[in-house]
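> The sequence and its predicted three-dimensional model are supplied below.
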Amino acid sequence: MAKTKILFITHEMSPFLEISKISEITRQLPQAMQEKGFEIRILMPRFGNINERRNRLHEVIRLSGMNIVVDNNDNPLIIKVASLPAARMQVYFLDNEEYFQRKKVFRDESGKFFEDNNERSLFFCKGALETVKKLGWSPDVVHCHGWFTAMIPMYLKKVYHDDPTFKDAKVFYSLFNEDTDFGQDTLTSKYGEMAAQEDVSAEDAAVYGSGSYADVYKGALTYTDIVVKADENLNADVLKFVEEQNIRVFSPNAIDDYEGYSALYEEFASEEVEA
């Protein structure tokens, strides 16, 4: 029987970038699933404060060279990889000079939210899926972590739904308390509008609303198969939306409830289960 394949997409992962609880979960969960016999891949941005030399990143020539269109502009995508020998895992990094070569991640030196965070997220989300296509690897489950991956579910359901790489993939989305990272800032309504320029209808993208934290998640969860409550003190508006839309929820018993995760991945990877 073929191994179940899980694609983890995140904006942070220990030891490369540690901003929040997400970095620890995205470090431990993939390893635990790999040790249980799952086949995994991990993708994240190569933010400018990730030390290439210390982490031994190197470019993957066969995967690099694509251009990703965001807001009618072509943006070159460079793919790099690093290994975690102790875990026998590889992590793929998406790089672009304009979007990611900055000393800060989401805010400038004065603490101001980068105005182009919406473009940066779109570039990463589209670039991540195009990279997996180029890998020639078809995941059974795509598991998103963090708001930066919020356009992944819509792309999967509306752009790549007939693509052989992704057509049977189920979407998981882990919710975290990210108010300190995002707070009262916004990706603006341009987040959905830019996606509609190139890839989807305006109606499909309208679910991302004003680009506020809650609206971005409402948009993402509209196209999500299962929500993981991976943290406490989650956004009340987002939780209300999950309940109203009757989206299936998984609440791990603990941060290391790997048996629960494993059972769920296997269930959703089965073709007998409806999306």
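Perfect, thanks for sending it.

> What are the buried residues along stretch 124-140?
124-135, 138-140 (16 or more other Cβ atoms under 10 Å). Quick note: C-beta positions are derived from backbone N, CA and C, even for glycine.

> average model confidence for stretch 121-128?
Per-residue pLDDT over stretch 121-128 has a mean of 97.

> same question for the helix or strand hosting residue 77, mean pLDDT?
Using DSSP states H and E, residue 77 maps to strand 73-84. For strand 73-84, the mean pLDDT works out to 95.

> What lies in contact with the helix or strand following that strand?
Once the chain leaves strand 73-84, the next helix or strand it forms, by DSSP H and E, is strand 89-95. Contacts to strand 89-95, defined as Cβ atoms under 8 Å, 6 or more residues apart in numbering, come from residues 13, 16, 30-31, 34, 40-46, 50, 57, 60, 63, 77-84, 100-101, 123-124, 127-128, 131.

> Just want the angle from strand 89-95 to strand 73-84.
Strand 89-95 and strand 73-84 are oriented at 160 degrees to each other (axes from the mean of the first three to the mean of the last three Cα atoms, to 10 degrees).

> what lines up beside strand 89-95 in the sheet?
Here strand 89-95 has these sheet partners by DSSP bridges: strand 39-45 (parallel), strand 73-84 (antiparallel).

> circling back to that earlier point, quick one: buried ones out of the contacts of strand 89-95?
Burial by neighbour count, judged by 16+ other Cβ under 10 Å, picks out 13, 16, 30-31, 34, 40-46, 50, 57, 60, 63, 77-80, 82, 84, 100, 123-124, 127-128, 131 from these.

> So what's the gap between whichever helix in the chain runs longest and the chain middle?
What stands out as the longest helix in the chain, according to DSSP state H, is helix 117-135. Offset of helix 117-135 from its chain centre (Cα atoms, centre = their mean, to the nearest Å): 9 Å.
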